[in-house]
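J.: Give me a 3D structure for the following:
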Amino acid sequence: MKILKYLVLIIVMIVIFVSCGKKQISEQTEFGELMHVYLDNAPFPDEDRKSGHTYEGEFFPYEGHYDDNTVAILIPNGYNATDETDFVIHFHGWNNSVDSVLSQFELLKQFGNSQRNAILIVPQGPKYSKDSYGGKLSKDGGFDRFMNEIVELLKKEKKIPQDSKLHKMVLTAHSGGYKVVSDIVSKNKNFKKIKEVYLFDALYGETTKFLDWVNVAGHKFFVLYTDDGGTMKETKKLSKILQGAGFPYHYQHTRKIKQWELIKNPIMILHSDLGHNDVIHKRNMYSRILKNGRLKAIKKKK
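T.: Numbers count the residues shown, from 1 in each chain. Model prediction:
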């Protein structure tokens with residue numbers, strides 16, 4: 001009977017643990033406070049991937065690929081919380097995970113070095129999968145719900161004031177992360193708060209959605225492409241459309257780009273001779289582009 005009672009107790013504890021979900025983690029890094037949180041409105045799990053996903057004959061099951069609701073949050077050193085909170089949200093590409101992306105592309109370092117008074121958000125997309133689907137964020141209002149949950153969490157954790165409101169947002173994507181960004185700028189009420197979109201070798205399609213968003217005054221749109229990343233054809237298509245529509249844009253090579261060009265031009269097409277997985281962190285392009293964008297800088301203490 002005692003053994004049976006212990007077994008029942010263990011089962012109850014397991015049920016409670018599973019129902020409570022994973023425990024939030026917070027650690028201090030060289031570049032600020034890094035939080036790993038688990039959100040109801042994260043891209044995954046999503047019902048449309050309950051049966052997994054197949055790409056060119058390769059099957060990616062739900063377990064291990066579409067069941068992770070991890071979201072990484074970096075509050076950079078020196079961040080000044082106000083009644084208006086700005087965010088940079090990065091979407092990773094195929095065959096990757098949140099922690100792998102943070103390490104591989106030096107995102108914490110680059111975001112910290114950009115010295116923007118904003119909070120970095122990196123949600124888990126399809127995990128180690130060949131899939132560009134954005135889960136719940138690709139559905140009407142999904143991104144709005146996601147960002148509302150982020151804001152409420154940060155208030156609860158006293159990282160931002162209780163009266164703080166969602167202000168400006170910058171969306172960045174690498175590779176297959178482009179698809180969820182195109183859905184976000186076309187399916188959410190908060191799209192007007194998205195002031196900048198930066199695609200790092202990521203324009204594989206959905207060009208008209210991006211152009212519809214760009215058509216709103218004040219937006220900044222940079223497309224970086226490589227020779228062998230598979231984005232050249234669509235980028236040239238974008239260039240022709242911009243020319244035909246009379247949209248002024250600036251073309252430059254990443255080896256030659258000057259600070260004033262990053263600041264002055266709202267639409268840029270950037271060519272890189274680097275490899276597909278080097279365009280974010282080599283030459284510090286992620287940091288340089290953010291630093292010369294429209295988000296406020298962290299005020300240095302006197």
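J.: Spell out which helix or strand contains Leu224, please.
T.: In this assignment (DSSP states H and E), Leu224 forms part of strand 220-226.
J.: continuing past that strand, what's the next helix or strand?
T.: Heading C-terminal from strand 220-226 (DSSP H and E), you reach helix 232-245.
J.: Pull the residues that contact that next one.
T.: With contact meaning C-beta atoms under 8 Å, 6 or more residues apart in numbering, helix 232-245 is reached by 203-205, 207, 210-211, 223, 225-226, 247, 249, 251, 267, 269. For every residue, glycine as well, the C-beta is placed using N, CA and C.
J.: Go through the protein and flag its longest strand.
T.: strand 165-174 (DSSP state E).
J.: buried ones in that strand?
T.: Buried positions in strand 165-174, judged by neighbour count with 16 or more other C-beta atoms under 10 Å: 166-174.
J.: And for stretch 84-102?
T.: Using 16+ other C-beta under 10 Å as the test for burial, stretch 84-102 gives 85-94, 96-98, 101-102.
J.: Over to stretch 185-193?
T.: Counting neighbours by 16+ other C-beta under 10 Å, stretch 185-193 gives 185, 187-188, 190-191, 193 as buried.
J.: what's the closest of the contacts of helix 232-245 to His276?
T.: Thr226 (5.7 Å; C-beta to C-beta).
J.: re earlier: got a markdown table for the buried residues of strand 165-174, with pLDDT too?
T.: Below are those laid out as a markdown table (pLDDT from 0 to 100):
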| residue | pLDDT |
| --- | --- |
| Leu166 | 94 |
| His167 | 95 |
| Lys168 | 95 |
| Met169 | 96 |
| Val170 | 97 |
| Leu171 | 97 |
| Thr172 | 98 |
| Ala173 | 98 |
| His174 | 98 |
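J.: okay if I get these as CSV plus distance to His36?
T.: Shown next, in CSV, are these (distance: C-beta to C-beta, whole Å):
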residue, distance to His36
Leu166, 21
His167, 24
Lys168, 24
Met169, 21
Val170, 21
Leu171, 21
Thr172, 19
Ala173, 21
His174, 20
